[in-house]
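Enquirer: Model the following, please.
(one chain, ligands or ions: 2)
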Amino acid sequence: MSNLPVLISREEVLRLLHNNSDLIPMLESAMGMFSKRNSTEIIQPLRITVPLQRYNGFLGLMPAYVVHEDILATKMVSFYQRDQDSLLPAHQATVLLFDPERGDVKAVMDGTAITEKRTAAISAISTKLLMPPKAEVLCILGSGGQAVSHYEIFTQMFFFKEIRVWSRRRERAEQFARAVHGPVTVFSSVKEAVEGSDVIITVTMAKEPVLQGEWVKPGAHVAAVGACRPDWRELDDALMREAVVYVDSREGASNESGDIILSGASIFAELGEVINGTKPAQCEKTTVFKSLGMGIQDAVSAKIVFDQWKSQQ
Ligand SMILES: NC(=O)C1=CN([C@@H]2O[C@H](COP(=O)(O)OP(=O)(O)OC[C@H]3O[C@@H](n4cnc5c(N)ncnc54)[C@H](O)[C@@H]3O)[C@@H](O)[C@H]2O)C=CC1
Ligand SMILES: O=C(O)C1=NCCCC1
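Expert: Ligands and ions are numbered 1, 2, ... in the order given. Prediction:
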């Protein structure tokens, strides 16, 4: 009979991934491996998304097998476009980590925390590779869970002289500023927040563009994390067409990103190709990294959490 899986809570996942020195190198290694398209090394089908039209939401299923590390996992994530006043969460996820040989589930862990941490870590990798030299001003558009996790890892990994935040409701941006452990300036308009910024992170639930290319400083890097449906946008056509566009996965971006599909922008490279050195990082140009999220990112993060958790029992 198989053993019962262990349950790892949100608090434990956050604690085990906080400041974890394995997260960035393991994500980079998996992304690089993915971009080699060697199907004996990485198996990751396109995300299955089940629309929940009645509730304005989706259920995403994200299985992945990282063969060289022998990590088999799947994430189930629900996400909803809620009314501004709704008290229900926008995202909830669970990750199942399997024993690939036996086929049983070793751990069931909070996937919402994994999603927050790994998505921010991937944006930080894109920024490390693609930001202009001497980047001084960071701008965050949005003030939810991803905004917080991005603030945390970006302040750990980089030094910005100024960090700005904008949110649809100013009081939410002020709430964010009180919640994070460090300086941040609240802006009331996207244009003012963005102008002069060297790195811009978009972490909104917008369906229409919030960021316009004409506001973006030439040479800036944009880590675009929201708008994960083929008809949703965060960035306008001008930005998508003028910038050099990088993605996490060509298949994911071509199927799921409204910013790419609707603007007709061409994809220059995957992040993994830059990591592998097979495509250049065009830091002198305006760059957009369009992130959709990948099962391998969850699998690698779940393995780190499980190994750390086990070592502390
Ligand atoms: N690329 C990836 O791997 C992942 C992407 N995401 C996406 O990142 C985005 C942020 O996620 P969370 O912070 O977890 O969500 P959240 O619900 O905690 O925060 C969303 C933020 O967007 C703002 N917002 C909502 N509608 C807006 C609109 N029409 N215009 C401007 N701002 C609006 C909200 O005020 C809030 O500040 C979402 O689009 C989510 O689907 C989430 C997880 C992984
Ligand atoms: O990768 C993920 O996890 C998600 N991506 C897009 C939206 C919801 C969660």
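
Enquirer: Okay, now stretch 86-103: how far is its last residue from its first?
Expert: 39 Å (C-alpha to C-alpha, to the nearest Å).

Enquirer: Show me which residues of that stretch are buried.
Expert: By neighbour count on 16 or more other C-beta atoms under 10 Å, the buried set for stretch 86-103 is 90-93, 95-98. Bear in mind the C-beta positions are built from the backbone N, C-alpha and C, glycine included.

Enquirer: Can you mark which positions in the top helix by length along the chain are buried?
Expert: Longest helix of the chain, by residue count under DSSP state H: helix 111-130. Buried residues in helix 111-130, defined by neighbour count with 16+ other C-beta under 10 Å: 111-127, 129-130.

Enquirer: check whether stretch 97-113 contacts ligand 1.
Expert: No. Against ligand 1, stretch 97-113 shows no contacts by C-beta under 6 Å from any ligand atom, the least distance being 8.1 Å.

Enquirer: Now do that stretch, average pLDDT.
Expert: Confidence over stretch 97-113 (mean pLDDT, whole number) is 97.

Enquirer: So what touches that stretch?
Expert: Contacts to stretch 97-113, defined as C-beta atoms under 8 Å, 6 or more residues apart in numbering, come from residues 2-3, 5-10, 12-14, 17, 65, 70-77, 89, 91-96, 145, 298-299, 302-303, 305-306, 309.

Enquirer: starting at the chain centroid, how far to the longest helix of the chain?
Expert: Its chain's C-alpha centre lies 5 Å from the corresponding centre of helix 111-130 when counted by C-alpha atoms, centre = their mean, to the nearest Å.

Enquirer: need the next SSE after it, C-terminal direction.
Expert: Using DSSP states H and E, the helix or strand that follows helix 111-130 towards the C-terminus is strand 137-141.

Enquirer: buried stuff in the helix or strand just after that next one?
Expert: Under the assignment DSSP H and E, the closest C-terminal helix or strand after strand 137-141 is helix 145-157. For helix 145-157, burial by neighbour count (16+ other C-beta under 10 Å) applies to 145-155.

Enquirer: does any part of helix 145-157 sit near ligand 1?
Expert: Yes. Contact between helix 145-157 and ligand 1, assessed by C-beta under 6 Å from any ligand atom, occurs at 145-147.

Enquirer: go on, stretch 222-236?
Expert: Yes. Judged by C-beta under 6 Å from any ligand atom, stretch 222-236 and ligand 1 are in contact via 225-226, 228.

Enquirer: Of those residues, which is the most crowded?
Expert: Ranked by the number of neighbours (other C-beta atoms under 10 Å), those place Val225 first, at 26 neighbours.

Enquirer: Dihedrals phi and psi, that one?
Expert: phi -110, psi -30 (degrees, to the nearest 10).

Enquirer: same check, this time on the one 3 residues further on
Expert: Its backbone dihedrals place Cys228 at phi -100, psi 30, with angles given as degrees, to the nearest 10.

Enquirer: Now flag whichever of the residues of helix 145-157 next to ligand 1 is closest to Ser167.
Expert: The closest of these to Ser167 turns out to be Ala147 (C-beta to C-beta; 7.8 Å).

Enquirer: now the closest one: how far from Trp309?
Expert: For Ala147, the distance to Trp309 (C-beta to C-beta, to the nearest Å) stands at 27 Å.

Enquirer: so Gln212 touches Glu234, yeah?
Expert: No. Judged on C-beta atoms under 8 Å, Gln212 makes no contact with Glu234 at a distance of 10.8 Å.

Enquirer: out of these two, which sits in the more crowded spot?
Expert: Just comparing Gln212 and Glu234: by other C-beta under 10 Å the higher neighbour count belongs to Glu234, 27 against 15.

Enquirer: Can you tell me the SS state at the residue nearest to that one when sequence neighbours are not counted?
Expert: Excluding its sequence neighbours, the residue lying closest to Glu234 (C-beta to C-beta, 6 or more residues apart in numbering) is Ala227, at 4.1 Å. Look at Ala227: counting by DSSP: H, G, I helix; E, B strand; the rest coil, its state is coil.

Enquirer: do the same with Trp309
Expert: Three-state call for Trp309 (three-state DSSP): helix.
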